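K.L.:
Generate a structure from the sequence data that follows.
(2 chains)
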2 protein chains.
Amino acid sequence: MPDTVQTNQQFRLASRPVGLPTDANWQLSDEALAPLEDGQVRVKVLYLSLDPAMRGWMNEGKSYIRPVAIGEVMRAGAVGVVAESRSPRFTVGEHVSGGFGVQRYWTGAADDKANPLVKIDPALAPLPAWLNVLGMPGMTAYFGLTDIGQPKAGETVLVSAAAGAVGATVGQVAKHLGCRVVGIAGGADKCRFVVEELGFDACIDYKEGAIGPGLKQHCPNGVDVYFDNVGGEILDAVLTRINMKARIVICGAISQYNNTTPVRGPANYLSLLVNRARMEGMVVFDYAQRYPEGVAKLAQWLREGSFKHREHVVEGLENFPSALLMLFEGKNFGKLVLKIAEA
Amino acid sequence: MPDTVQTNQQFRLASRPVGLPTDANWQLSDEALAPLEDGQVRVKVLYLSLDPAMRGWMNEGKSYIRPVAIGEVMRAGAVGVVAESRSPRFTVGEHVSGGFGVQRYWTGAADDKANPLVKIDPALAPLPAWLNVLGMPGMTAYFGLTDIGQPKAGETVLVSAAAGAVGATVGQVAKHLGCRVVGIAGGADKCRFVVEELGFDACIDYKEGAIGPGLKQHCPNGVDVYFDNVGGEILDAVLTRINMKARIVICGAISQYNNTTPVRGPANYLSLLVNRARMEGMVVFDYAQRYPEGVAKLAQWLREGSFKHREHVVEGLENFPSALLMLFEGKNFGKLVLKIAEA
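P.N.:
Got it, this is the predicted structure:
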């Protein structure tokens, strides 16, 4: 039986930000829900994923994905529950994940390959975890590390934003592969979490000053794989400590996303030459065909109890603009999700 | 029959340069030649290779090869002729290549694996070509392009310093592999040479201004492989034109070697992420075991007449300091070699 709501509520992009997004960049709109067409599904959004990459989607210009248009509902990954269905593939009450956007209800074709609707099993892990270790961050970490980083047992893997959704998964996957794992995170609480809860061998607190001494201390044999989520001066410092044939996975550069000055390029990039090393970018969508493989592996470790995940839940669609800013101020502790409605 | 010379003449590193090397960084020394010991060979140096990498060897600090020490004979690749031999492996009059240094005579063990003496065949190509297409620059180009760049037929290969020793070989190898090949060089003469003599499809003159429009015009399908010898703003401009899964070979950064300010990092490096592209360093010495394969392939193309090489010969050991500077001013046209003595 369908919900009987008649209106939706949405955050639309009102203008493109310069530097950090402000309230003026958003427009909150209300819209009547049209009746479903044949083949369509309506999803009640339960949890939204808030990600650093969203900042890039707000910019104009070519990137790995088209920008969100002015006036368009802001793009976001989410989990929800099927509220109405005119597709034989989906039944009301089933849980699904997809690119539902920053809104209360998503309506679309059940078989849209460009925005696939994926059934998820809440018995395997709580719903927010499907936006974390079993969602895009988990897939990013799993395939970025194994396919691009290619760590071997005994090697040293370093990961920045280690307490974040991607970093936490990268480090734990690397531990399962037999590596020495060192994180970089901001603040004593996050570093303690990374070592004591996630099981990293060490964590460097970048808020305590330059990370050089920490790298020297905790990566005594150099760095074989660096999984970079932050860019900027941390990337530059790591470049001075990489080993021969090191692999640097460029996954993101959160330190640079809100720059109003030009991006800071890695001045020490010639260390790649000296060390015959590689720096390579990755985008998770390239691995869409292999997500089931990643989910199966991570779910196995979750079931075995040898894998942790942590979500930072903020409540209420209306808090979307301020919650998004937490990412860039390092204020979230764990994968940031916005709770939109009760399951 | 040994030559009867009694003295050697050498350029030694007197001090480390700041910015461009000056005369004050060099000390010209004369030294009596000691009699050969058993197992040693004495080589009369005929041609010295002058290379941008020499600038890096003059700096203190860890690199892919130890720095030249203060007071030490400056390191240089060279070809010469065996003048005396107390090794059964080498006969007076044979031609050899090796790391003979900036001096008139080299004396050393015939079987020193750290500085191997390699017989060369002057019938295959003139002696200076053994410092060019059949020497280190040729090996750098051949293995850097094929092993790290991995171009496929039909792809676009872009190479900077295209009229230089490495660039000229990179482009011609890429043409033999069926690629569209575009060069970047300084000045109309070099660009004409690159297109008309070497057979590149196009060449962009960086001295005419920003290379962006040239890249757009001559790489209409983007850049699949960029072989970078220069770094700096050219690397940054190319990063905006790379294709998905592009490979950037970091072979050198001549624009940055004499910097007294910090190296300019590639501000557009996040294009690697957007395009799932790779930037990887290479050092030719890693391919020492495979040099015979590279020499055989390039010699075959030379014999077939489908491969060009050009050397810029400066005469006289005494001109070493000024000749070296030509590299950084873009004044040489072709592989720069210093002729020390008649063959």
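K.L.:
nearest spatial neighbour of the closest residue to chain B within chain A, skipping sequence neighbours?
P.N.:
Relative to chain B, the nearest point of chain A is A:Gly265 (3.0 Å; CB to the nearest CB). From N, CA and C alone the C-beta is placed, and that goes for glycine too. Spatial nearest neighbour of A:Gly265, excluding adjacent residues (CB to CB, 6 or more residues apart in numbering or on different chains): B:Gly265 at 3.0 Å.
K.L.:
In terms of pLDDT, where does the one you found sit?
P.N.:
The model reports B:Gly265 with a pLDDT of 89.
K.L.:
in the stretch 51-200 of chain A, which spans are strands?
P.N.:
Using DSSP state E, counting those that start in this stretch, the strands of the stretch 51-200 of chain A run over A:78-85, A:95-98, A:105-109, A:118-119, A:156-160, A:180-185.
K.L.:
Of those, flag the one that's most buried.
P.N.:
Greatest average neighbour count among the strands of the stretch 51-200 of chain A goes to strand A:156-160 (a mean of 30), per mean count of other CB atoms under 10 Å in any protein chain shown.
K.L.:
Confirm that the residue nearest to A:Gly265 sits in a helix.
P.N.:
No - membership of B:Gly265 in a helix is not supported by DSSP: H, G, I helix; E, B strand; the rest coil, which gives coil.
K.L.:
dump the residue contacts of it.
P.N.:
For B:Gly265, the contacting residues are A:Asp236, A:Arg264, A:Gly265, A:Pro266, A:Ala267, A:Asn268, A:Tyr269, by CB atoms under 8 Å, 6 or more residues apart in numbering or on different chains.
K.L.:
Could you do A:Val133 as well?
P.N.:
The contact partners of A:Val133, taken as CB under 8 Å, 6+ apart, are A:Ala125, A:Ala165, A:Ala168, A:Thr169, A:Leu298, A:Leu302, A:Phe307, A:His309.
K.L.:
If we use 7 Å, what do you get?
P.N.:
By CB atoms under 7 Å, 6 or more residues apart in numbering or on different chains, the residues touching A:Val133 are A:Thr169, A:Leu298, A:Leu302, A:Phe307, A:His309.
K.L.:
now for the residues you listed, which pair is the farthest apart?
P.N.:
Using CB to CB, the pair of the contacts of A:Val133 lying farthest apart is A:Thr169 and A:Leu302, separated by 10.9 Å.
K.L.:
Settle it for me: which of those two has more neighbours?
P.N.:
A:Thr169 (30 against 19; other CB atoms under 10 Å in any protein chain shown).
K.L.:
per-residue confidence for the more buried one?
P.N.:
On the pLDDT scale, A:Thr169 gets 97.
K.L.:
The one 4 residues further on too?
P.N.:
We note a pLDDT of 98 for A:Val173 in this prediction.
K.L.:
since we're on it, how many residues are nearby?
P.N.:
Residues lying near A:Val173 (other CB under 10 Å) number 29.
K.L.:
you'd agree it is up against A:Leu145?
P.N.:
Yes - taking contacts as CB atoms under 7 Å, A:Val173 lies within contact range of A:Leu145: 5.4 Å.
K.L.:
List the contacts of A:Asn25.
P.N.:
Applying CB under 7 Å, 6+ apart to A:Asn25 gives the contacts A:Leu13, A:Ala14, A:Ser15, A:Pro17.
K.L.:
what do you get if the cut-off is 6 Å, keeping everything else the same?
P.N.:
By CB atoms under 6 Å, 6 or more residues apart in numbering or on different chains, A:Asn25 lies in contact with A:Ala14, A:Ser15, A:Pro17.
K.L.:
excluding its backbone neighbours, what's nearest A:Thr22?
P.N.:
Once flanking residues are discounted, A:Thr22 sits nearest to A:Pro321: 7.9 Å by CB to CB, 6+ apart.
K.L.:
Check which helix or strand that neighbour maps to.
P.N.:
Taking DSSP states H and E as the criterion, A:Pro321 maps to helix A:320-328.
K.L.:
Could you list the buried residues of that helix?
P.N.:
For helix A:320-328, burial by neighbour count (16 or more other CB atoms under 10 Å in any protein chain shown) applies to A:Phe320, A:Pro321, A:Ala323, A:Leu324, A:Met326, A:Leu327, A:Phe328.
K.L.:
Dump the residues you listed to CSV, plus pLDDT.
P.N.:
Shown next, in CSV, are the buried residues of helix A:320-328 (pLDDT from 0 to 100):
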residue, pLDDT
A:Phe320, 98
A:Pro321, 97
A:Ala323, 97
A:Leu324, 96
A:Met326, 94
A:Leu327, 91
A:Phe328, 88
